[in-house]
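> coordinates only, sequence not included:
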């Protein structure tokens, strides 16, 4: 889904926020699985309410972006805040080995 569609859905049905957020957490957990041996991300590094706000703010600013892009940006922000390299950089480093 596009971010604008998610934002619209949440405006019409705010009770669905946890549905979208649980998907986001699952997506980030999947990304994290690849990093377990190389410095995984603490997915609780940012309070959950702040994570939800990040996603909503990103989607409002980028309505045409895919929702997974917003989640990916959140994941990389958490990695950055924890002093870890971005996911893409970590992935490229592992592939070079």
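Ah, there it is. This one's a predicted model, so the numbers in the text were calculated from it and none came from an experiment.

> find the nearest non-adjacent residue to the residue nearest the centre of the chain, please.
With distances taken as C-alpha atoms, centre = their mean, residue 71 lies nearest the centre of the chain, 2.3 Å away. Distances taken as C-beta to C-beta, 6 or more residues apart in numbering place residue 24 nearest to residue 71, at 4.4 Å, with adjacent residues excluded. (Glycine included, C-beta is placed from N, CA and C.)

> same deal with residue 51?
Nearest non-adjacent residue to residue 51, counting by C-beta to C-beta, 6+ apart: residue 74, 6.0 Å away.

> now the one you found: phi and psi?
Phi and psi for residue 74, reported as degrees, to the nearest 10, are phi -60, psi -50.

> check contacts around it.
Neighbour list for residue 74: 24, 28, 46, 51, 54-55, 58 [criterion: C-beta atoms under 8 Å, 6 or more residues apart in numbering].

> out of the residues you listed, which are inside helices?
Judged by DSSP state H, those include 24, 28, 51, 54-55, 58 as members of helices.

> all helices of the chain, in order?
Using DSSP H, helices in the chain cover 3-12, 17-33, 48-61, 67-81, 87-96.

> residues in contact with stretch 59-73?
With C-beta under 8 Å, 6+ apart as the criterion, stretch 59-73 contacts 1-7, 20, 24, 27-28, 31, 54-55, 58, 87.

> can you tell me how far residue 85 is from residue 70?
Separation of residue 85 from residue 70 (C-beta to C-beta, to the nearest Å): 20 Å.

> the two: which has the busier surroundings?
For residue 85 and residue 70, the more surrounded residue by other C-beta atoms under 10 Å is residue 70, and the numbers stand at 24 against 16.

> for that one, which non-adjacent residue is spatially closest?
In space, residue 70 is closest to residue 58, 4.2 Å off (C-beta to C-beta, 6+ apart).

> residue 5 too?
Nearest non-adjacent residue to residue 5, counting by C-beta to C-beta, 6+ apart: residue 67, 7.8 Å away.

> so for the one you found, what's the pLDDT?
Looking at residue 67, its pLDDT stands at 96.

> could you report the separation of residue 12 from residue 40?
When residue 12 is compared with residue 40 (using C-beta to C-beta), they lie 36 Å apart.
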